[in-house]
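K.L.:
sequence below, structure please.
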Amino acid sequence: LALLCHGLWLVGAVELLRAPVARRLERPRVWRTVVAANGISMTAFLWHLTAMLGVYGAFLALDVPLPGPATGEWWAQVPLRIAAAAVLTAALVAAFRTFEKPAVRSAGLPAQRGPRRSATYSGPAAALGVTLCLFGVLGLSMVGFGGLLEGRTALLIAVHVTAPVAVAMTLAGWLLVERAGRAAS
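P.N.:
Residues are numbered from 1 along each chain as shown. Below you'll find the predicted structure:
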């Protein structure tokens, strides 16, 4: 319920701010800033929780008292935690940004002729592969990795699934998607 309310609040905020933000984005300098920020957005998204956990780990290692959630002391500490996490996220983005850049072709390789085609993942095999991957991950999240050794099962849409079956579904789905991509390119 909390996540649903949070999502509805965010959608409402976006709708409320859409027209004024669209007017500001018509300025070239503002638009270039947005494009530059977009270039690191995925890296920042992937590493921000790691940074926050690193901040909490540092606080625990330094014996910084962690007040109870939503208390006055907790709210007073929020700016410090966010600032520390932002600095650590920036360091992680700087370190891992190079992996987000496209690969540069080495000198001496023949130039590719014609437009470069990227694989399109479509068709029944790709759809079945994605479905198998989703059900495999869902099944594994229900059974847990402990189920690999203990033989636990979970009910996944009227079918009992074990951890090995969930892993097999995920791998089979991935192979189907890869095969569909190779066939399309």
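K.L.:
what about the residue lying closest to L148 once chain neighbours are set aside, distance to F145?
P.N.:
By the measure of CB to CB, 6 or more residues apart in numbering, the closest residue to L148 outside its immediate chain neighbours is A163, 4.4 Å from it. Yep, even glycine has a C-beta here, placed from its N, CA and C like the rest. Applying CB to CB, to the nearest Å, one obtains 7 Å for the distance of A163 from F145.
K.L.:
between those two, point out the one with more neighbours.
P.N.:
Taking A163 and F145 together and counting by other CB atoms under 10 Å, A163 has the greater number of neighbours (22 against 12).
K.L.:
surely that one meets G144?
P.N.:
Yes. The pair A163 / G144 is scored as a contact, 7.1 Å apart, by CB atoms under 8 Å.
K.L.:
any common contacting residues for these two?
P.N.:
Both A163 and G144 are in contact with R152, where contact means CB atoms under 8 Å, 6 or more residues apart in numbering.
K.L.:
thinking again about what came up before, tell me the confidence at the residue nearest to L148?
P.N.:
pLDDT, the model's per-residue confidence, is 85 for A163.
K.L.:
how about stretch 48-59: buried residues?
P.N.:
Along stretch 48-59, the positions that meet the burial threshold by neighbour count (16 or more other CB atoms under 10 Å) are 48, 51-52, 54-55, 59.
K.L.:
shaky segments in this structure?
P.N.:
101-122, 147, 184-185 (pLDDT under 70).
K.L.:
show me the helices in it, by range?
P.N.:
Under the criterion DSSP state H, the chain carries helices at the ranges 2-25, 28-61, 72-96, 124-143, 147-150, 163-184.
K.L.:
closest one to L156 among those?
P.N.:
Distances from L156 to each of the helices of the chain were compared using CB to CB; the shortest belongs to helix 124-143, at 4.8 Å.
K.L.:
the inter-axis angle of the closest one versus helix 163-184?
P.N.:
Put simply, helix 124-143 runs at 160 degrees to helix 163-184, going by axes from the mean of the first three to the mean of the last three CA atoms, to 10 degrees.
K.L.:
keeping just the C-alphas, turn helix 124-143 into CSV.
P.N.:
In CSV, the C-alpha atoms belonging to helix 124-143 read as follows (Å, rounded to 0.1, in the frame of the first residue of the first chain):
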residue,chain,number,x,y,z
PRO,A,124,7.1,-16.5,-30.3
ALA,A,125,10.5,-17.9,-29.2
ALA,A,126,11.5,-14.6,-27.7
ALA,A,127,8.1,-14.3,-25.9
LEU,A,128,8.3,-17.8,-24.6
GLY,A,129,11.9,-17.2,-23.5
VAL,A,130,11.0,-14.0,-21.6
THR,A,131,8.0,-15.8,-20.0
LEU,A,132,10.2,-18.7,-18.9
CYS,A,133,12.8,-16.3,-17.5
LEU,A,134,10.2,-14.3,-15.5
PHE,A,135,8.6,-17.5,-14.1
GLY,A,136,12.0,-18.9,-13.3
VAL,A,137,13.1,-15.9,-11.4
LEU,A,138,9.7,-15.7,-9.6
GLY,A,139,9.9,-19.4,-8.7
LEU,A,140,13.5,-19.0,-7.4
SER,A,141,12.5,-16.0,-5.4
MET,A,142,9.7,-18.0,-3.8
VAL,A,143,11.8,-21.1,-3.1
